[in-house]
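>>> dropping the sequence and predicted coords here.
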Amino acid sequence: MKTANQDIMPITRKINTKGNVEIGGCDLTELANKYGTPLYIFDEATIRSMTRSYKDAFKSYPKMKMVYASKAFMTKAICKIMAQEGFGLDLCSGGEIYTADSSGFNMAETLFNGNNKTFEELTMAIDTGISRISVDNFYELELLNDIAKSKNKEVKILMRITPGIECHTHEYIKTGTIDSKFGFDLTQIDEAVNLITSEYKNLKLCGFHAHIGSQIFEKQVYYDEIGVIFKEIKRVNDKFGLNLNEINIGGGLGIKYTNEDKPISVYDIAETIIKSIEYHCDKYNLEPPYVYIEPGRSIIGTSGVTIYTAGSSKQASNGRRYQAIDGGMSDNIRPSLYQAEYTVEIANKPNETEQEIVTIAGKHCESGDILAKDVKLPIIEEGDVICFYDTGAYGYSMSSNYNRVLKPAAVLVNNGKSDIIINRQTYEELTHNDVIPESIMND
Ligand SMILES: Cc1ncc(COP(=O)(O)O)c(C=O)c1O
């Protein structure tokens with residue numbers, strides 16, 4: 001069965017009677033007028049369609065635990081939606097813990113990941129009652145045990161391992177290979193388990209965690225990853241007399257940014273994952289474990305679009321036409337960071353014939369601030385509303401104030417209604433933390 005991550009556009013996207021693009025029943029040009037641009041727009045129906053697809057696809061494996069990878073896009077409203085959809089949260093910083101906790105999220109349904117968690121963050125994780133901490137390295141094992149001991153608490157942990165699985169995605173978003181900054185190498189597992197069982201008495205090891213990468217289009221890598229984790233579970237259980245029965249297989253399912261992308265459906269990976277679990281339970285004679293999955297991009301990516309207003313343009317002498325917009329690498333770093341490509345549309349003229357090849361440039365002081373290179377579009381005029389699809393994941397969450405450009409607002413749309421979920425930053429907020437020291441005050 002097809003799922004929303006396999007389409008470029010949110011499920012509610014259509015062209016209305018005025019000839020404009022609408023999402024969630026809201027005309028994008030009207031949203032531009034009402035809230036200003038740049039503006040992130042999130043389609044609630046697409047988000048919920050993805051969470052429900054995950055739930056449905058895995059329903060035959062009741063020990064499955066879905067946790068949304070908050071790093072993809074997190075606000076208090078998103079935490080609420082995830083709670084309503086029966087998802088937990090994967091958190092990876094003090095800021096994400098704080099956001100979840102202050103939104104009223106049940107912290108017993110959250111996990112904490114990351115390769116350099118600080119003393120303060122680990123303390124916060126214990127104090128707020130996060131259910132599992134995925135320990136990444138020897139340094140963290142000792143630090144976490146010390147904190148847990150000082151609080152006289154037992155902390156449940158998973159051990160993040162690098163399973164050595166190669167997936168065909170961009171170098172920067174591969175995480176499960178041996179040469180990775182994340183997790184314990186397979187050769188380090190025994191030493192770590194030995195330390196946990198003999199010295200770190202305030203840590204309780206429950207199982208293993210791996211995350212092999214992001215924007216993955218293949219099923220086999222999940223099958224293989226689960227095989228590696230099960231093999232280690234069996235080996236460690238036998239060698240150390242343990243009964244580890246939890247695995248976390250990470251996130252990574254891809255979405256369709258352009259027509260060249262061919263992502264697979266949630267039902268497809270669910271079938272492969274369940275098959276691999278059943279096969280390996282049989283092979284190693286293990287009880288079916290609790291299995292965490294941490295999708296981020298595939299839950300939120302397709303639901304989000306960013307709209308901009310067209311401003312200046314330039315015809316370069318080599319023939320390339322540049323069209324500048326009122327945002328850029330500060331609201332979407334992905335094209336500059338890893339050559340990400342997007343599908344672009346003019347929201348106020350989606351039916352017009354595509355007549356020119358144009359490069360959409362951001363407003364920042366960097367030549368690399370190009371959001372889309374050589375895309376075919378109708379003639380763009382000043383004031384047109386330019387829509388970038390699939391900006392829901394790793395857009396706002398990686399945004400910055402480069403050039404002291406304000407962070408845009410974000411709205412949630414549904415059934416013709418739009419609600420702010422993040423206010424546009426103000427100049428006062430931008431300079432709020434600036435301090436002029438006394439020593440340079442006087443001329
Ligand atoms: C540990 C972990 N889990 C889950 C995710 C989410 O991945 P995705 O957004 O590709 O589903 C990430 C992303 O980097 C990650 O590092």
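Thanks, I have the structure now. What you see is a predicted model; the values in this text were computed from it and never measured.

>>> any residues of the chain in contact with the ligand? List them.
Within reach of the ligand by CB under 6 Å from any ligand atom, the chain has these residues: 69, 71-72, 90, 113, 175, 211, 214, 250-253, 294-298, 393. Backbone N, C-alpha and C define where each C-beta goes, glycine included.

>>> just the buried ones from those residues, in PyMOL syntax?
The PyMOL command for the buried members of the residues of the chain next to the ligand (criterion: 16 or more other CB atoms under 10 Å) is given here:
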select buried, resi 69+71+72+90+113+175+211+214+250+251+252+253+294+295+296+297+298+393
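
>>> now, which of the residues of the chain next to the ligand lie within strands?
69, 90 (DSSP state E).

>>> from the residues of the chain next to the ligand, which land in helices?
If you go by DSSP state H, the residues of the chain next to the ligand have 297-298 in helices.

>>> helices of the stretch 51-200 of the chain, residue ranges please.
For the stretch 51-200 of the chain, the helices defined by DSSP state H, counting those that start in this stretch cover 76-84, 94-102, 119-128, 138-150, 189-198.

>>> where does the protein dip in pLDDT?
For the chain, the stretches flagged by pLDDT under 70 are 168-177, 443.

>>> what about 80?
Within the chain, the segments meeting pLDDT under 80 span 166-179, 442-443.

>>> mind naming the longest strand for it?
Across the chain, the longest stretch assigned as strand under DSSP E is strand 304-315.

>>> what comes into contact with that one?
Outside strand 304-315, the residues within contact range by CB atoms under 8 Å, 6 or more residues apart in numbering are 10, 23, 28, 31-32, 37-43, 73, 321-327, 331-332, 347, 363, 380-393, 395, 408.

>>> just the buried ones among these, please.
10, 23, 28, 31-32, 37-43, 73, 323-327, 331-332, 347, 363, 380, 384-393, 395, 408.

>>> from those, which ones fall inside strands?
Per DSSP E, the buried ones among the contacts of strand 304-315 map to strands at 23, 39-43, 323-325, 385-389.

>>> ok so, going back, buried ones in the longest strand of the chain?
Of the residues in strand 304-315, 304-310 count as buried by neighbour count, 16+ other CB under 10 Å.

>>> what of stretch 130-142?
130-137, 140-141.

>>> now for these: which two are most distant?
Spatially, the most separated pair among the buried residues of stretch 130-142 is S131 and N137, at 20.7 Å (CB to CB).

>>> any chance of the buried residues of stretch 130-142 in CSV with distance to P289 as columns?
Below are these laid out as CSV (distance: CB to CB, whole Å):
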residue, distance to P289
I130, 20
S131, 15
R132, 13
I133, 18
S134, 15
V135, 18
D136, 21
N137, 23
E140, 23
L141, 22
